[in-house]
Structures are given as C-alpha cells and as structure tokens.
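*Asks:* Build the 3D model from these lines:
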Amino acid sequence: MAVTESTAGGTPGEAGAGHEGILRRQSARESSARTYARALPIVPVRARGLTIEGADGRRYLDCLSGAGTLALGHNHPVVLEAIRSVLDSGAPLSVLDLATPVKDAFITELFHTLPPGLADRARVQFCGPAGTDAVEAALKLVRAATGRSGILAFTGAYHGMTAGALAASGGARDIQVARLPYPQDYRCPFGVGGRPGAELAARWTESLLDDPKSGVPLPAGMILEPVQGEGGVIAAPDDWLRRMRRITADRSIPLIADEVQTGVGRTGAFWAVDHSGITPDVMVLSKAIGGSLPLAVIVYRDDLDVWQPGAHAGTFRGNQLAMAAGTATLAYVRENALAERAAALGTRMLAQLTQLIHQFPCVGDVRGRGLMIGLELVDPDAAPATARQTPPAGHPDATPAALGPTRTPHPAAPELAAAVQRECLQRGLIVELGGRHASVVRLLPPLTISDEQATAVLDRLADAVAAAARHHQTHGPHQQRHPGRAQRTG
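*Replies:* Next comes the predicted model:
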C-alpha cells in the first residue's frame, strides 16, 4: 500500500522526515506519563483490520488492538457504516442521559448478550467514557446499596487509574481495600498451583470473611477480573469463580465482574464469566463495547438500584457515535460466532506457542484464554524460586490434571521481555507488555484475525524471541533488581 501525500506528507523521503518530526514533537510536548509511545515509536496514518501503516510507509500487524478495544480490528466496515449512518441522519451526537433511538438500540443489543439471570432484571448506568469511571460507579453503587464501605479485591488486579479504581488494583500504595490471593499455576502464591492452589485461595477468602478477628468487616462488594490482563494474562479457574460466587452470595456481598478487557468475545465466550456459568451482581463494561469509540457502562441487578438522581454522572455518557458503533460490534460478534472462533483459534495459537517453552529456556510460561494470550519471559541463568510443594502420592490432588504446570519458575526478566517487544516491532509486529514485572509479552489480536495472519503473528513472535534469546546468551542478563510497575494497558 503506497503512502499518499495527503496522509504521510509527500514522497517516501519526505514521509520519513515527517515521521521523525512528529515523534520529536511528541517527545517535546507530551506528558512524561505517556507509555505506549515510548516502546512503539511509530506514527500510524492508516489502518484496516489487523494492519497498521505508519507515516514512514512500514506496515505492522497490530496485536495491541487499542488494549483490547478493537474487537473487529481497525475500521471494520460495519462499524464505519454505523458511524456514517448517525452522521448522515442529523441526529444529535451528545445527549447526556436523554433517551434516543440509538441508545435504545444499543441497550437492547447489549441485554441480548448478558449472562442468564441478569438480562431479565438488569439496569444500566452510562458512565464517563473510560472503564475506570465505570469501576468507580460500580464501587459507589454497591456501597450505596449495602450501606457498607469496604471492598474485596485481588492481588495482581488492574481496574483503572482513578483513585477508587487504583485502590482496588494490585499496585495500590495505600491500604484502602482488603487484598485476596488470586489463583495461578506458574507463580502460585501458595507454591502448589493447580486445583490445590485455587482451593487454598478460596479457603483464605472464607476464613477472612468468617473470622470475627480478621480485621476485615463484611464488605460492600468484591471486584474481580475473570482473566487478569495487566496482571499477566492469568485466567481464573472456573471452579474458583463459582466458589467466589457462592461465598459472596451466601454472605450477601455483591460480586462485581470487571469485563472491561475480557468482554465481547475476547476470551472465547461473549463474557468471560460465561465460561464458569456464574451471574455476577454487577458487570463493568468498556473498551470493545464502544466499537473502537469511548463508551463505558455498568450493568447490575435491579434490586441494587438505590441511587438518587445524579448519584453518578458524566458529561460524555451520551456519546451517540460510540453507541452506534457498539451496537454494530456487539451484533457482529454475536451473529458471526466470533467468540467461538476466538476460542478455537486461541487454543491453536497457545498450543503452538507452548512449543517455545521447550525451545527457549527464557520462555517460562505460555498462558491465556481465547485471543487473550501471554508469554512470560524469565532469566534462566538466575536461581529458580522455591520448589513447588506437591501433595503426597495417592492424594486426589496429586494427579497431573489437578496439579497443573510443575515447572519451578525462574525470576521474571522484564528487560528480556522489552527486548522481545523491540524485536517484534522490527519484524512488523506490535505487542504489549504486562504482568507483575512487565515480563509478559501480551497478544490481543482482533477477533477477525485470519488463520494466515495468526500464522504470521506466531512466526514473527517466535523469531523475535529467538533473536532476543541469542542476544541474552551473548551479552548476559542485565535485569533490573527492582523493576517498576508493569506497563499500563489502555
């Protein structure tokens, strides 16, 4: 695809100069808080589906997808048509919380997709345009409904960048929320992994709530991600999610599912909670529900709707273009079974990526669900962590299926992960980093990715890992002793 004068500034040489100038001006004028621009020094000028073209004429396969916002990829025809339809109709573009045909169609389509038991008694609150504002709204809602103030959240969580959302995230500086262990296999907090680790995490939660001297009074709600994205692409076991649902229901604690990144087919089900069959009391939704445009809502049980008028608001909660784009996206994913496709393709991609564990000692773990995939980089030259504890032979939890992965994890390698990200970019592949130490290379391709494109993504990623591993072996590890926070997802 040629770079045209209108989009990139003339000839290829001029385009390259414009590219460099734009990057220099960004560095000089934009905040030091910028993140993606530091690791991805590109200037997108055109995009379609999985592909982005930069001002320098280079093309990239985009497995960042707006941090999961682009369920259908860039500029999908059904999204563009929905936006054009509103623009051509003369409809108002911003209406606060007034009723409109566009909003009515969006709510109707959204309710079609909700888990059983919620859609028939749901209320929806339109929030400010970012997912973090919807998290704030969910926390305010359960506090108003229960008359309690405490919140239960999980280690490794990420819920946004506003004060309340940060307090419930894993990087919180001040203790405002009771923190619970989130089960995982590779770096199990209890050193056992598999079903035993998840059982210990559930027992810890029950003990904390039922012990009158635990220091944690009955909370207003529990918030969790069915798959932790920023936490390192860690999928909660379905049995553990069902256990959390029982624990909260038995104690009249509203359960909040943060589906900001996991929703709209991303994990191989329309909503990630669908894998376990649970029905949360509140769902926090953003990113893909706006069809690439800013939109955030909470959906919740009608008996929690105790708010007074104006209890939560936001000037841009009436974004009509985002609602139209969102309706088109939700319908397209549902009608074309893209969640099922994500499940099948994600399984194949994970199986192929798992081979890298056997080829490269620096690949510690490969994990994910659907098209939400993570590759954890480790320092194979450093001493491993404490060996995994296993139940005695004959114990029902001593079977391979129950134990899960038995590899003893090596220390995280954030600089090596960053090197893989750079090598990917050189090969025309855009990926992001996440995890506790920014050591997890993450793939979030659009649900419309083709088999051929998936193969190209895997080939480029494998080549990038090989190049970074060779450099590591040649020059030796240069890991940070105290790495900073993981890179922020959008």
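*Asks:* could you pull out the helices for the stretch 201-350 of the chain?
*Replies:* Assigned by DSSP state H, counting those that start in this stretch, the stretch 201-350 of the chain shows helices spanning 238-250, 320-335, 338-359.
*Asks:* which residues are contacting the first one?
*Replies:* Read it as helix 238-250. 183, 195, 198, 201-202, 205-206, 209, 222, 224, 226, 253-255, 273, 275-281 (C-beta atoms under 8 Å, 6 or more residues apart in numbering). In this view, the C-beta of every residue, glycine as well, is placed from N, C-alpha and C.
*Asks:* How many residues are close by the closest residue to residue 160 other than its chain neighbours?
*Replies:* Spatial nearest neighbour of residue 160, chain neighbours left out: residue 132 (2.5 Å); criterion: C-beta to C-beta, 6 or more residues apart in numbering. Neighbour count of residue 132, defined by other C-beta atoms under 10 Å: 23.
*Asks:* Please apply the same query to residue 29.
*Replies:* Residue 29 is flanked by 7 other residues according to other C-beta under 10 Å.
*Asks:* Roughly how far does residue 361 sit from residue 133?
*Replies:* 43 Å (C-beta to C-beta, to the nearest Å).
*Asks:* Weed out the non-buried ones from the contacts of helix 238-250.
*Replies:* 183, 195, 198, 201-202, 205, 209, 222, 224, 226, 253-255, 273, 275-276, 278-281 (16 or more other C-beta atoms under 10 Å).
*Asks:* returning to that earlier point: wouldn't the residue nearest to residue 160 be in contact with residue 162 here?
*Replies:* Yes. The criterion here is C-beta atoms under 8 Å, and residue 132 meets it with residue 162 at 4.6 Å.
*Asks:* which residues sit against the helix or strand harbouring the residue nearest to residue 160?
*Replies:* Secondary structure from DSSP states H and E places residue 132 in helix 131-146. For helix 131-146, the external contacting residues (C-beta under 8 Å, 6+ apart) are 125, 127-128, 149, 151, 159-162, 164-165, 168, 220-221, 223, 252-254, 256, 258, 260-261, 281-282, 284-287, 296-298, 300, 303-307, 311-312, 314.
*Asks:* can you pull the contacts of residue 421?
*Replies:* 39, 431, 432, 433, 441.
*Asks:* farthest pair in these?
*Replies:* Farthest apart among the contacts of residue 421 by C-beta to C-beta are 39 and 441. That separation is 11.4 Å.
*Asks:* before we move on, the earlier item: what separates the residue nearest to residue 160 from residue 155, distance-wise?
*Replies:* As for residue 132, its distance to residue 155 is 19 Å (criterion: C-beta to C-beta).
*Asks:* How about residue 50?
*Replies:* Distance of residue 50 to residue 155, given as C-beta to C-beta: 33 Å.
*Asks:* ok, these two, which is more surrounded?
*Replies:* Of the pair residue 50 and residue 155, residue 50 is the one with more neighbours under other C-beta under 10 Å, namely 23 against 15.
*Asks:* For the more buried one, which residues are in contact?
*Replies:* Contact partners of residue 50, counting by C-beta under 8 Å, 6+ apart, are 61, 62, 63, 73, 74, 445, 446, 448, 449, 453.
*Asks:* Check the gap between the fourth one and residue 142 for me.
*Replies:* For residue 73, the distance to residue 142 under the criterion C-beta to C-beta works out to 35 Å.
*Asks:* Equivalent analysis for residue 62, please.
*Replies:* Counting by C-beta to C-beta, the gap from residue 62 to residue 142 is 36 Å.
*Asks:* do residue 190 as well
*Replies:* Going from residue 190 to residue 142 by C-beta to C-beta gives 29 Å.
*Asks:* With neighbour numbers in mind, choose between those two.
*Replies:* residue 142 (24 against 16).
*Asks:* Just the pLDDT for the more buried one.
*Replies:* If you check residue 142, the pLDDT there is 96.
*Asks:* so what's it closest to, chain neighbours aside?
*Replies:* residue 221 (3.5 Å).
*Asks:* Could you pull up the residues touching that neighbour?
*Replies:* Shown in contact with residue 221 (C-beta under 8 Å, 6+ apart): 138-139, 142-143, 146, 151-152, 253-256, 281-282.
*Asks:* Just the pLDDT at residue 399, thanks.
*Replies:* 48.
*Asks:* try residue 489
*Replies:* You'll see residue 489 listed with a pLDDT of 43.
*Asks:* cool, and residue 475?
*Replies:* Value for residue 475, per-residue pLDDT: 67.
*Asks:* pLDDT weak spots in this protein?
*Replies:* Where the chain drops to pLDDT under 70, the residues are 1-17, 171-176, 385-407, 474-490.
*Asks:* Now do the top helix by length along it: which elements does it pack against?
*Replies:* Ranked by residue count, the top helix of the chain under DSSP state H comes out as helix 451-475. The elements that helix 451-475 packs onto, with contact taken as 3 or more C-beta pairs under 8 Å, 6 or more residues apart in numbering; DSSP states H and E, are strand 59-62, helix 338-359, strand 372-377, helix 414-426, strand 429-430, strand 440-443.
*Asks:* Tell me which residues are up against it.
*Replies:* 50, 61, 63, 345, 348-349, 352-353, 356, 359-363, 375, 377, 416, 419-420, 423-424, 426-429, 431, 441, 443, 445, 449.
*Asks:* hang on, the earlier thing: between residue 39 and residue 441, who's got more neighbours?
*Replies:* Between residue 39 and residue 441, counting by other C-beta under 10 Å, residue 441 is the more crowded of the two (30 against 16).
*Asks:* ok, so what distance separates residue 327 from residue 79?
*Replies:* 10 Å.
*Asks:* Overlap of the contact sets of those two?
*Replies:* Both residue 327 and residue 79 are contacted by residue 291, under the criterion C-beta under 8 Å, 6+ apart.
*Asks:* hmm, back to that, would you turn the contacts of residue 221 into a markdown table with distance to residue 368?
*Replies:* Shown next, in a markdown table, are the contacts of residue 221 (distance: C-beta to C-beta, whole Å):
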| residue | distance to residue 368 |
| --- | --- |
| 138 | 25 |
| 139 | 28 |
| 142 | 30 |
| 143 | 33 |
| 146 | 34 |
| 151 | 27 |
| 152 | 25 |
| 253 | 29 |
| 254 | 28 |
| 255 | 24 |
| 256 | 23 |
| 281 | 27 |
| 282 | 25 |
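*Asks:* Farthest-apart pair in those, please.
*Replies:* Most distant of the contacts of residue 221, by C-beta to C-beta, are 143 and 255, 14.4 Å apart.
*Asks:* picking up where we left off before, from the chain's centroid, how far away is the longest helix of the chain?
*Replies:* Remark: helix 451-475 is offset 23 Å from the chain centroid, using C-alpha atoms, centre = their mean, to the nearest Å.
*Asks:* Please apply the same query to stretch 365-374.
*Replies:* 11 Å.
*Asks:* what's the answer for stretch 430-438, then?
*Replies:* Distance of stretch 430-438 from its chain centroid, counting by C-alpha atoms, centre = their mean, is 11 Å.
*Asks:* Over to stretch 87-104?
*Replies:* Centroid separation between stretch 87-104 and its chain, computed with C-alpha atoms, centre = their mean, is 29 Å.
*Asks:* Show residues contacting it.
*Replies:* 86, 126, 313, 315-321, 323-324, 327.
*Asks:* mind listing what's buried in that stretch?
*Replies:* In stretch 87-104, counting by 16+ other C-beta under 10 Å, buried: 95, 102, 103.
*Asks:* Stretch 26-44 now?
*Replies:* 36, 39, 40, 42, 43.
*Asks:* what's the answer for stretch 292-310, then?
*Replies:* For stretch 292-310, burial by neighbour count (16+ other C-beta under 10 Å) applies to 292, 293, 294, 295, 296, 297, 298, 299, 300, 301, 304.
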